[in-house]
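Colleague: Have a look at this prediction, sequence included:
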Amino acid sequence: MSFVPLEGRHYVGDTELLAAAQQGDEPAFAELLAGFRRELHAHCYRMLGSLHDADDAWQEVSLRAWRGLEGFEGRSSLRRWLYRVATNVCLTMIAQRAKRGVWLEPYPESPDDGSLAPDARLESRDNIELAFVAAVQHLPGNERAALLLREVIGFSAREVAELVDASVPAVNSALQRARRIVNDHIQTQASHQTARSIGDTRLREVVDGYIDAFERGDVPTLVALLTEDATWSMPPEPEWYRGRAAITDFLVAGPMRVRWRHRTTVANGQPAVGCYLWDAGRQAYTAKVLDVLTLRGDRIAAVTAFIDGRLFPRFGLPAEVPV
């Protein structure tokens, strides 16, 4: 089922929208839900680590919310109720997944839109970054939910307990374990600061330098942009490389043997580069890899390369670029 936004109807505020939606007005429900889509979709992404899974989760959240809205009695805010629905959808999806390693996809939207609660402990510019989202995927579902609802969304421990049907002591215990595990995983990766810390001009210089070196096949110049302990990974592939020497060998043996063109974008609030591989048959460069760059100061501490050209439209990138 898809919900069509309002056309030709006029309601004054969410109260009238809610009343109309509870009486079966689908366009009113669509309008009501649209106000929560961005933050709930981002929550599903953090829970699941996958853009495509977050899309599926959002569809299920919409259906469950529509079916259950008539029974919503207003004992909590609609926002809290929707977070309960979304969290339960994600927990079900996590439980149904076949066992696998940490799954990760990039995310095209930034949550820095004022939707998070003022007392959320994790700053909005950090809570969607790849290192954090990847670390969260190491948690069991209940600890993942507790951490995100408390530390990112800003619900109290009591509210979190109500949302996940647990006791406050159980939530606090899950939070302690979750914080420890996430901190351990983030600390094992390159220390991670936002690109904002170096300023827009220097950031553009670093990204442009990365692109220029790649397109010229200049491995020494590209590697010089990296930190000494930089990593290069290609999730979900198991291969990854750490340090300038290992990355140099990888680049020489693989990516630098073919022709590329690039376009810049943003993923997970970080600088990103769409990489287009030359296709002789099409006589054009076609979408191949999305490189998300993690900076430490004015050096690249990690390149996370997502080998999936189908992602490009979600990041405002064309499917191919001409010669």
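Modeller: Sure thing, it's come through.
Colleague: I figured residue 247 was touching residue 225, is that so?
Modeller: No: counting by CB atoms under 8 Å, residue 247 does not reach residue 225; the two are 10.8 Å apart. Quick note: C-beta positions are derived from backbone N, CA and C, even for glycine.
Colleague: and residue 266, helix, strand or coil?
Modeller: Counting by DSSP: H, G, I helix; E, B strand; the rest coil, the backbone at residue 266 sits in strand.
Colleague: Who does it form a beta bridge with?
Modeller: Beta-bridge pairing of residue 266 under DSSP bridges involves residue 271.
Colleague: what about it, how many neighbours?
Modeller: 17 (other CB atoms under 10 Å).
Colleague: my read: it touches residue 274, true?
Modeller: No: in this structure, residue 266 is not within contact of residue 274 by CB under 8 Å, at 10.9 Å.
Colleague: any common contacting residues for the two?
Modeller: residue 315 (CB atoms under 8 Å, 6 or more residues apart in numbering).
Colleague: In space, not sequence, find me the middle residue of this structure.
Modeller: Taking CA atoms, centre = their mean, the centroid of the chain lies closest to residue 107, which sits 3.7 Å from it.
Colleague: List the contacts of it.
Modeller: Per CB under 8 Å, 6+ apart, neighbours of residue 107: 42, 45, 51, 54, 128, 133, 267-268.
Colleague: Return the subset of the residues you listed lying in strands.
Modeller: residue 267 (DSSP state E).
Colleague: pLDDT-wise, which helix or strand of the protein ranks last?
Modeller: The weakest-scoring helix or strand in the chain, judged by mean pLDDT, DSSP states H and E, is helix 13-22 (a mean of 84).
Colleague: other SSEs contacting that helix?
Modeller: For helix 13-22, the contact count by 3 or more CB pairs under 8 Å, 6 or more residues apart in numbering; DSSP states H and E identifies helix 26-34 as packing neighbours.
Colleague: which parts of the helix it packs on are buried?
Modeller: Neighbour-count burial for helix 26-34 flags 26-33 (criterion: 16 or more other CB atoms under 10 Å).
Colleague: Same list, those, but as a markdown table with distance to residue 237 and pLDDT please.
Modeller: Shown next, in a markdown table, are these (distance: CB to CB, whole Å; pLDDT from 0 to 100):
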| residue | distance to residue 237 | pLDDT |
| --- | --- | --- |
| 26 | 43 | 91 |
| 27 | 44 | 90 |
| 28 | 46 | 90 |
| 29 | 41 | 92 |
| 30 | 39 | 92 |
| 31 | 42 | 91 |
| 32 | 41 | 90 |
| 33 | 36 | 92 |
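Colleague: As JSON lines, the residues you listed with distance to residue 201 would be great.
Modeller: Output for the buried residues of helix 26-34, formatted as JSON lines (distance: CB to CB, whole Å):
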{"residue": "26", "distance to residue 201": "49"}
{"residue": "27", "distance to residue 201": "46"}
{"residue": "28", "distance to residue 201": "47"}
{"residue": "29", "distance to residue 201": "46"}
{"residue": "30", "distance to residue 201": "43"}
{"residue": "31", "distance to residue 201": "42"}
{"residue": "32", "distance to residue 201": "43"}
{"residue": "33", "distance to residue 201": "40"}
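Colleague: Might you report the residue contacts of the nearest residue to residue 236 once chain neighbours are set aside?
Modeller: Computed as CB to CB, 6 or more residues apart in numbering, the closest residue to residue 236 that is not its neighbour in sequence is residue 103, at 6.0 Å. Going by CB under 8 Å, 6+ apart, residue 103 touches 48-50, 53, 137, 235-236.
Colleague: Just the buried ones from the residues you listed, in ChimeraX syntax?
Modeller: In ChimeraX, this line selects whichever of the contacts of residue 103 come out buried by 16+ other CB under 10 Å:
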select :48,49,50,53,137,235
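Colleague: Inside helices: which ones of the contacts of residue 103?
Modeller: Judged by DSSP state H, the subset of those located in helices is 48, 53.
Colleague: ok, so of the contacts of residue 103, who is nearest residue 299?
Modeller: Using CB to CB, residue 235 comes nearest to residue 299 of the contacts of residue 103, at 21.7 Å.
Colleague: next one: phi and psi at the closest one?
Modeller: phi -60, psi 140 (degrees, to the nearest 10).
Colleague: which SSE is the closest residue to residue 37 other than its chain neighbours in?
Modeller: Nearest-residue entry for residue 37: residue 58, 7.2 Å, with adjacent residues in sequence omitted and distances by CB to CB, 6+ apart. Remark: residue 58 resides in helix 51-68, with elements defined by DSSP states H and E.
Colleague: Which other helices and strands does the very next helix or strand once past that helix contact?
Modeller: The helix or strand immediately downstream of helix 51-68 is helix 78-96, counting by DSSP H and E. Counting contacts by 3+ CB pairs under 8 Å, 6+ apart, helix 78-96 packs against helix 37-48, helix 51-68, helix 141-147, helix 157-163.
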